[in-house]
Each structure stands twice: as C-alpha cells, then as structure tokens.
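A.B. asks: sequence unknown, structure follows:
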C-alpha cells in the first residue's frame, strides 16, 4: 500500500520535473524514465549489504544537454534484516528528513542521443544525498536504439562525503565506499 | 576472558608492524577537526611569505604552524567556504570563496570582504573612500560562482577562475570577464596557470584555453581532444615553460602537452589510468606530483627523455583535493579534513629488501652503472633495474665463512667489486662473470677482518683490525687476477693504532686514517702525522672520514661528535652545536650538507654555516642503519642509506631553506590584542606587553626552540620553548624585542624577528612639562611681585597724598591769614562778649585738635568730619556772620554709617570761602547733603572774587587722588554758572 503511494508520489514529481524542462519549448527532445533501477552494495569485510529500487525517475533533454534524476530513498528494498533496513533509514539516511536523492546537471559530451549507437558519456552535476550536495562527474554507457536510450552506470559514493558517519563499532560491517549501479531505459516523450 | 585479552594484545602487536610498513618516508598526517560534532573539507592550501601554511576549508580559513591549526576571525558577512588563496607580496593576501566573493587578510589575523557589488560601491562612494584600497570597477559585473584559483601575472593583473562563471581578470581597477561568448571553451574553469609571456592557461570541461588580453580585447585559443588532449575534462594544469604543460584529467590521468606541437606529445595513455580523477598536479625536480580522487598521492619520475614512470603512491589519504610545495621542499596533500606532509622528492624509498633482521645489512655501495650493492650478512646482493623495476641478484661466494659477514664493498676503476669481510679477508669479484678470488698474497689480509675499503687514482686502501694496507695494481691486466703491489702499515708506530676503521684519500692526496683510540693520523709524503691532542680527541675512537666539496675533512667519533678540519684548525661539533648524539658512526657529504648518522636519526650539518637540521622519526626514519659503511653517494649527490628494511635515497635540498623561520604573531597590551605597529610609542602607563611568536619548520615542528631578548631591559638571550613572553611592568625606555629560532641549542646565524617600541617617560618627567611648570611658576611669582609692587606703590602714593593733604590743611589752618582773622574775631569777641570768646576759643582749639587727631587716618566717619566742619563753620560764621550760610541735611544714622577721607569737607568749605565773595549782600550759601546716588554733595553758589585768591588747586586734586587710591571712585566736580558742586563718594566700612 505504502509502496503504491510512493509510486504515485513519484509520478507526480516526474510531472513537476518535466514541467521544469518543457517550459514553452515548441520542439521536444525529452527522454524520460520512471522505473529505472538503482542498486547499491556495501562490501565490508564482515558483511555484504545490498539494496535496490526501481523507482528512479528522470529526464534527459537532448537539446539542452541537461538531465535530472530523482529517487525516493524509502523505495529501496533488500537489506539483510529488517533491523538493518530500519537503521539505514533512521540512523544513516534520515529518510524522514531527507526522503529523496537527486542528480541534476548537464552532459559534457556533445553526442546527439537521437542517433542510434553506443556511447560513453559523462554527466556533470550536483549529486544530493542526505541533504549534502557534491559535484560529481559520472560516467555512463548509453545505447540508443530507435529513440530509446538504455543507460548503464557504475560509480562509487563515499559515505563520509555525504556526512553519513559510520560508528566505529560497525566499521567491519559497513563500508565507507558504496558501489552504485544504475540501469534505466528512457523513452522519447 | 583472559583468552580474549590475549588475542587483543596479539592483534595489537600484529597491527603495529603493518602500520609502520605502510609508512612512506617523511609522510605524516594531521587531522583538522573544528570540534567533535562537525567536520570540514580542506579546499585549498597556500604558504604565505611569513612562513605560515594556510588551509582554506568549508569552515573558514586556518593557519597551520606544524602542530596546531588556528582559525582566522571573520569580519562582517564573510562566507565560510574558502576555495582559493593568493598572496600578492607586500600588498595583500586575497581569499576566494565558494559564492564568488573575494576577501583579504587584515593584518594576518582576520578576513574581511572586498566590496564587490555595485550597491556597496555606490555606498562607498557616498561615504567617501574610507579604505585606502581602490574599489574595483565593475563594468562586467563580479564573480558569482566559487573562485577556484587566483593568480597574479607578470603585469600585476590578478586572475580569478570560477566554477561556472568564467574567468575574470582585474586590471587597472577594472574587473573583466572572459566567458563562453568570448570563446572560452566553458564557463566552469577548474584551474589556471601562468604561461609566459602574458598568457594564462585555463582548464575546463572542454579542454584548455590560452587567454590573454591585448588592450581591452580578449584573445582566446582553445585546445581540445581534437588537438591531442586525451580527455577534454582537464581538472588541473601546470605550465612547465612557455610551451610545455602538464595536464591532469578526469579519466585519462596525466599528460605532458606541448601547445606549439600538440601532435607530438605523448603520455601515460597506453597504460590504463586506475587512480581516478586528477585534482591537482605540479612538477618539481623531474617529478610530477598528482593528487587523485581515489588513490591518494601519486608521484611520477620523469627521465631525461620524458619517460614517465610511477615513483610511488601513498593512499593513506585516498582522496586528495589540493597540494602544496612549501619553502622547505615538503609536499603537502590534503583531502577531506586530513593534511599529509611528505618529504617530497628529497627523500624517496628506493627498495625494500627481505631478510631475517634489518641490521643484516652492513654495507651499501652505489656503483658507476647505477646499480646498488649491499649485503645480507655474508650474502652479496646486487640491485639493478630490470624492466624499470629494481631486482635483487645474489652472488654466491663460497669462500666467505658462515660466521663472517660482509662489512665493506668497493668498486675499482675496472668495475670489479672488492668485498671486505669480518674474518674471511678480502675477495675481488667480477660482477659480469660472477668469478671471484680471495686475496692471499698479503699476509695481513688472510682471514683478515676488514672494516672499510676506499681508494683513489688506482690506489686502494684497506682498513682492518690488523692495520692498514695499500694496494696498487701493476701491469695492464684488468681482471680479478691483476697483479697487485701491497704495502702494510700494521706496525708503523706513527699510525697510532693497528685497529683502523676507515681510510680516506682527500683531494690533496693526503691519506687520512681513522683509528681506534688514537684519533686521526695523516699520511703525506710518506710521513705520518698523528692528530689526537690537536684535534681534541685524545684516546678517542674515530669511525668515519668524509671530505666535503670545499675540501674540508670531517671525522666522526665515538663520544665527541664530529670534528671538522678546514686545513688549519680542528673544530668540534657536539650537542651544543646542535648534534642529537655524540656517537656518530657514519658520515656522508653531499653538496652543502654533511650527513651524520646516529642511533636516532641523521643530523644534517650545513658545511657553510654550521646550522644543523634533522632527518628522524618525524620523517619516518626511526630505525636508521648506522653501520659505518651503509652510506653511499651517487654522482649526482644523492645519498643512499638504509632504514629498517628499506633503502632510501636522500637528496639534500640545496635550494630550499633548511632553517626555521620566525614570525611575531601579535602583541598584546595588558593581555588584550591591540593593533600595534613596529616603532610604536606607548604612554608611561601602557607598560604591560606580551609578545606572541611562532617558529616555523614544518619538517621538525617539535624541535623548535626560541631565544628572546628585550633590548633595553635584558642583556642576555634567554632560551625557551614558550611562544609567549610577557613583560608586566616595563619602566620607560627604548626597547627592541628580539626572538630567534633554532632546531637546537645553536643559535648562531639563526633567523630573527624583532619589534621596536618606546615607552614614554610619565608626562611629569618630560621636558615640555618641566619647562611649562617652571614657566608657570615664574609667571605666578612675577604676577605676585607685580601685584605687591603695585600695592606698595599705591600705599606709598596714598601716604604721600595724605601727607600732602595734612600739609595742605595745616598750611591752610596755620595760614597767617586764617590765624589773623581768627584772632581778630577773638579780640572783638573778648571785648564784646567774653563768654562767647571762651566758646570761640574752645571751637578753635577743638578744630585744631581734631585736625591733629584725624590727620593720620585714611578714613573717618562722616560724623567726625561733620564735627570738624561744625567747628570750622562756627569759627568762620563768627567772622562772616550772616554772610556765610550753611545748610546740612544728613541724618545721624547716615553720618555714622558712612566714611569720608579726613578733612575733605573742611577743605571744600575752605575753598568755597576762599574763592567766593562772602558778604551780607551776597551771602555764600553752602549745602551739604547726600544725593540719590549715595554721594555726599557739597554745593555752593558762585560769586567769584574780583581778584581770585591765589592758591594752588592742590586741595581738590588731593581729595580726588585720595579717593582714587582708597576706593577707585571718582570725586565729581561740577562747575556751572550758578553753582559749584563737588560730589564725594560715600564709603561704607
């Protein structure tokens, strides 16, 4: 039930995000997704923690070379125990206070994403997690096929960079370096 | 429970060596935490001319003194995140912030913003220009994004790179902007670097731009991946010269790029870059230092033909955002809230060997072809580069006894390696074939214990426990079997001792011997001279001899430190001169420095001025191998030595300062910070001063000590470790506070800072005050005397007038005319009325008595004066009868209340009678009354005599003068047609 609520809320946000991008542009070259997946892994010496969400929503504006992605932290499923999940939301991410993570910015490479092919592009933008914004350049592989963009990206996050402090006792169970994998398919609107 | 405890202890014991192995030479990490609950990121590092290292962070600006971080105060409206710093020497320290604001350091202790908005400019204009700084003219606005770097070019134009708002330059008070519309490849500028002449390189997400200005127009040339740059995202750059630049990129690592021949450049691209984005880089003495996002500090070595090879990397700080090369040659790297100091290129670990014990290594030798030779006990190892990596090759020498280690190595002119052993004599090895032979020709060397090998010009010297042996090749054979002529100095008495530790042939071909217990001996022209008394090292063990590039000979001793011989005299260096230890086992000279090794580290003696600095645990060198033969020098002056299991290369920093610097941070008056300038004048009661100073030497911050002296107050320097000195009650005087800093007790030639000031004498001791006081006193005295003089004068005049008046009166009364008239009247009275005659005489006598009684007085009451007058009138009326009429209208209280000058009225009456006709037809009418103005009025009608009575007008004048003197009031005389009126002031007592 709660899950569905999130979905609806997510869809609403997507509309907002899109409105922001459409403005009064007559010609549209907007690609969008609302079911991208985000997977993260913490590979600590004593414990492997994994969680995933397929609630990534986002837009790429091929003309303006800009993009915006957003994910609800609450939508992450997985974890080894429910207590772990609770800690994730309450102790580390403070999900009630900061329910979303964002990545907004522009694409550095000049590649036209309406032409079929596979490209490596780099996105430079502000990544906001846990209310801390860091400027990041994230590399992605995009495959364009018949006006459909398949996006795949791997990158790492340092919890310390986002003011997520790990207590000393869980050093062995939670890695400071979190591996993130993003997969999304964006379609032309 | 106990098992758990034991496990913990074991764990701890295991951990320690792991950490110490991971330590790279000279690296030390400092953590900057504002407090327990918050964290910060270091964004930029900068060393100002003063010597301090500044760290710009997300929590303001910090000053680092090698031990502590101190946050600068922020004046009004200064943002927190400092992203760039630049000192324009002698002018300003500029600070760039994450919101695009620009500030400056005020007196090195607080940050203020430079007003940049148009409004503030207008406001400043209106308020007149209070600050002495020119206000920027904002034709093209002002930066609105984080300042990523600030630079000043050779024309004093200041450049500001911003993260998203283009590139700005400040020229002749005007801010100019270069942006994408001008042709800049992107408005997000990561880094800028000066490119002589008059150009600035900027790096962006779309390559690099060469920017310059010609007059007011901007010229931009862009290079991208199409021009051979491996990655368009260039995060940092460093220009090597006018054309060659180093680029640090997002994904492609580093590249050496030539802007004049872009195609010809090449770099590390063939090998995949695995260290993450390069955030910062610089080039220094054939090394490139790169700060990476994921793998810490990476150092590359650049060979003469620009081959780039990885030197080492240190990922204890995984993410490095900024770096700094300081004046001492230390390289600093900072990421998050960590700051790491490394020795930079000066100290470099070369190779780590495997052995049972680290002190299995007794000897280390650098040979001509660049190989290093060393031993592991009796095993001989050659360390040579193969495919760019150092690899060990072991030589199997069976003839060395299992119990006798290798002690010394020497490479002769033919490239053969001579091996000295402890107990197995001397072996000569051909490194190419591996063939070797044991030297048996000389009896001394058979199973000998060799301590060192040295040589020059074909002559090889062997120092051993059996004595000294010289070897000279004869014949043309160059292999290991060449014929050698031996000469033994075992029993030569003048050698002193047969235990010889070391032999050195110096540049003048003198041969020096280090002996056990007999000091130093020198062989010149086949004659020995022993220096032990002369050198002050009688019965002393000398371990090692070295010659520096000035021809000075240095000796290390067992308990007397080191001795220098400059050709004339011997000079000792001990603890007082700054050595850490007096037991020095090993010496090596390179450039301006002599390295002296002892148990706790290496002391570096500057051969020119004797200053001593250190390499020790602070540099990660806590376990130096101090065997006498473990220091070896290559032809470039690099010194190789072993610390623990690692062989290091050390290059003394010839250009960098190897001395601490000292700064007077602030001065307090009565323990409160005040803005005080050098040469300050203090008032007498401003006499409690505190001086705060800091010695800066980042390589050895713990060794800093100070000497201070307050000239004018102290005569001797005082040594201290304190950084504050307080002088609570300074007497007036002229003072200079001086502080100097050293790493040891030796304070000769050390840097010094000073502050001069004057405490004034209290005002009552100052000349101006004394003069003023004297003048005032003199003036007062003068005034008093003047006053008194005039009083006396006045008194005298009064006296004189009084006497005059008496005289006048008497003269008048004794006037024969008056007497004659009076007597005539009396005669007629006696005849007619004897009773009245008696009365008349009574009046006459009263009149005269009163004159006599009152003549001396200054004032008499009106009543008394009227009494006199009554007598006088009685006398005169007897004569003139009705011709003289007198009318008085003064009440008795008034008569008693007022005073007059004696005889004044009488005189006036007398004058009236004298000057007027007194007859029955025209009687003289005299009135006496007090008018409304409280004046005594004497009025008579005028009927002048035909022949005016001769007489001086002295009477009236006399009255006037007396009144003037007594009460400063005028006697008014009115003379009209009918009446003669005199108004006399009435005086109340």
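C.D. replies: Good, I have the coordinates. Predicted, not measured: the structure shown is a model, and the values here were computed from it.
A.B. asks: so residue A:35 touches residue A:54, yeah?
C.D. replies: Yes: using Cβ atoms under 8 Å, residue A:35 is in contact with residue A:54, at 5.4 Å. Glycine gets a C-beta too; all of them are placed from N, C-alpha and C.
A.B. asks: neighbours of residue 59, how many?
C.D. replies: Answering for chain A, as no chain was given. When neighbours are counted by other Cβ atoms under 10 Å in any protein chain shown, residue A:59 registers 23.
A.B. asks: chain B was what I was after
C.D. replies: 20.
A.B. asks: from chain B, which residue is nearest to chain A?
C.D. replies: Of all residues in chain B, residue B:205 sits closest to chain A, at 5.0 Å by Cβ to the nearest Cβ.
A.B. asks: list the contacts of that residue.
C.D. replies: Listed by Cβ atoms under 8 Å, 6 or more residues apart in numbering or on different chains, the contact set of residue B:205 reads A:108, A:124, B:185, B:186, B:188, B:232, B:233.
A.B. asks: contact partners for the fifth one?
C.D. replies: Looking back up the chat, that one is residue B:188. By Cβ under 8 Å, 6+ apart, the residues touching residue B:188 are A:124, B:163, B:164, B:204, B:205.
A.B. asks: what of the third one?
C.D. replies: When contacts are counted by Cβ under 8 Å, 6+ apart, residue B:185 is found next to B:204, B:205, B:206, B:207, B:208, B:209, B:222, B:224.
A.B. asks: quick one: whichever residue of chain A sits closest to chain B from residue B:968, how far?
C.D. replies: Nearest residue of chain A to chain B: residue A:108, at 5.0 Å (Cβ to the nearest Cβ). Residue A:108 is 107 Å from residue B:968, where distance means Cβ to Cβ, to the nearest Å.
A.B. asks: please spell out the PyMOL selection for the buried subset of the contacts of residue B:185.
C.D. replies: Filtering those down to the buried ones (16 or more other Cβ atoms under 10 Å in any protein chain shown) takes a single PyMOL command:
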select buried, chain B and resi 204+205+206+207+208+209+222
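A.B. asks: need the contacts of residue B:185 in TSV (columns: secondary structure).
C.D. replies: Converted to TSV, the contacts of residue B:185 look like this (DSSP: H, G, I helix; E, B strand; the rest coil):
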residue	secondary structure
B:204	strand
B:205	coil
B:206	coil
B:207	strand
B:208	strand
B:209	strand
B:222	strand
B:224	coil
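A.B. asks: now the contacts of residue B:185 as TSV including pLDDT and distance to residue B:541?
C.D. replies: Formatted as TSV, those follow (pLDDT from 0 to 100; distance: Cβ to Cβ, whole Å):
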residue	pLDDT	distance to residue B:541
B:204	94	66
B:205	92	67
B:206	92	69
B:207	92	66
B:208	94	62
B:209	94	66
B:222	93	69
B:224	90	68
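A.B. asks: just the residues of chain B that are near chain A, which are they?
C.D. replies: Residues of chain B lying close to chain A by Cβ under 8 Å from any Cβ of the partner chain are B:39, B:163, B:188, B:205-206, B:232-233, B:250-251, B:277, B:294, B:319, B:336.
A.B. asks: hmm, which of these are the buried ones?
C.D. replies: Using 16+ other Cβ under 10 Å, the buried members of the residues of chain B next to chain A are B:39, B:163, B:188, B:205, B:206, B:232, B:233, B:250, B:251, B:277, B:319, B:336.
A.B. asks: ok, back up a step: hmm, residue A:122 and the residue of chain A closest to chain B touching each other?
C.D. replies: Yes: using Cβ under 8 Å, residue A:108 makes contact with residue A:122 at a distance of 4.7 Å.
A.B. asks: joint contacts of the two?
C.D. replies: Residues touching both residue A:108 and residue A:122 (Cβ under 8 Å, 6+ apart) are A:137, B:233.
A.B. asks: ok, these two, which is more surrounded?
C.D. replies: Neighbours were counted for residue A:108 and for residue A:122 using other Cβ under 10 Å; residue A:108 has more, 22 against 18.
A.B. asks: quick one: name the residues of chain A near chain B.
C.D. replies: So far as Cβ under 8 Å from any Cβ goes, chain A lies against chain B at A:108, A:122, A:124, A:135, A:137, A:139, A:156, A:158, A:160, A:161, A:163, A:165.
A.B. asks: of those residues, which is the most crowded?
C.D. replies: residue A:108 (22 neighbours).
A.B. asks: phi, psi of it?
C.D. replies: Main-chain torsions, residue A:108, degrees, to the nearest 10: phi -80, psi -50.
A.B. asks: quick check: beta-bridge partners of the residue nearest the centre of chain B?
C.D. replies: Chain B has residue B:664 as the residue nearest its centroid, 3.8 Å off, counting by Cα atoms, centre = their mean. Beta-bridge pairing for residue B:664 (DSSP bridges): residue B:693.
A.B. asks: doesn't residue B:691 make contact with it?
C.D. replies: Yes: counting by Cβ under 8 Å, residue B:664 does reach residue B:691; the two are 6.3 Å apart.
A.B. asks: mutual contacts of those two, please.
C.D. replies: Applying Cβ under 8 Å, 6+ apart, one finds that residue B:664 and residue B:691 are jointly contacted by B:737, B:739, B:755.
A.B. asks: what residues are up against the second one?
C.D. replies: This points to residue B:739. B:662, B:664, B:691, B:693, B:706, B:707, B:708, B:725, B:752, B:753, B:754.
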